[in-house]
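*Asks:* need a structure here:
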Amino acid sequence: MRKLLIAAAGTALLCAAPAYAQETTPAEPTATATFIDLEGNEVGTATLTQAADGVTISGEVMGLEAGEHGFHIHAVGDCDPATMFESAGDHFNPDQKQHGMENPEGPHAGDMLNQTADDQGTIMLDATNAMVSLTEGEPGYLFDDDGSALMLHSDPDDYMTDPGGNSGDRVACAVIEASTTP
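*Replies:* Sure thing, here's the model as predicted:
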């Protein structure tokens, strides 16, 4: 009988351990973003996840011209097509640097690598930005008072020219929104 009780207690502890670990291990912060075009139509989504090496951004955006497009985080979480997305402000730049990963005075925290649309005009977003964070209190925190947005431009970024890398018009915009935890 004693062995049976010890076995039952051990089984109960083993079953409870994963649940306890899940409750006490905080999940990495995540965010979502829904892209709209200049007509206000939804054209894609993105998921942002805090990782050890920065914020990873993955997703899909459709309806673009084939080829490379500048991809940035902008300083304001407002994607108003009536303003041609100028409502999203300039690139996210809390350290007041110049634009471009190849600029000796840069980059902006919101500067990222170009993304390429296939022949059907679809981009499979794949980026990691080590200069921003989804964690409150960390440098480059994206959820300040006016939020932030993801932006795709009509042309590729040249990674050098201040302030926007000659990346052309803003063609798709997505407000970054913190994910809610259940």
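*Asks:* chain center to stretch 108-117: distance?
*Replies:* How far stretch 108-117 lies from its chain's middle: 11 Å, per C-alpha atoms, centre = their mean, to the nearest Å.
*Asks:* Show residues contacting it.
*Replies:* Residues from elsewhere that reach stretch 108-117 (C-beta atoms under 8 Å, 6 or more residues apart in numbering): 57, 61, 64-75, 91-95, 97-101, 123, 125-127, 129, 131-132, 140, 148, 152, 156-157, 159, 165. Where you see a C-beta, it was placed from the backbone N, CA and C, and this is true even at glycine.
*Asks:* Ok, stretch 160-173 next?
*Replies:* Outside stretch 160-173, the residues that reach it (C-beta under 8 Å, 6+ apart) are 35-38, 43-44, 61, 63-64, 69-70, 72, 74, 79, 81, 84-86, 88, 90-91, 98-100, 102-103, 105-106, 111, 149-159.
*Asks:* Of these, grab the buried ones for ChimeraX.
*Replies:* To isolate the buried subset of the contacts of stretch 160-173 in ChimeraX, counting by 16 or more other C-beta atoms under 10 Å, use the following:
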select :35,36,37,43,44,61,63,64,69,70,72,74,79,85,88,91,98,99,100,103,106,111,149,150,151,152,153,155,156,157,158,159
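*Asks:* Model confidence for Glu28, exactly?
*Replies:* Looking at Glu28, its pLDDT is 82.
*Asks:* What helix or strand is the closest residue to it other than its chain neighbours located in?
*Replies:* In space, Glu28 comes closest to Gln50 once its chain neighbours are excluded; the distance is 4.4 Å by C-beta to C-beta, 6 or more residues apart in numbering. In the assignment (DSSP states H and E), Gln50 maps to strand 42-51.
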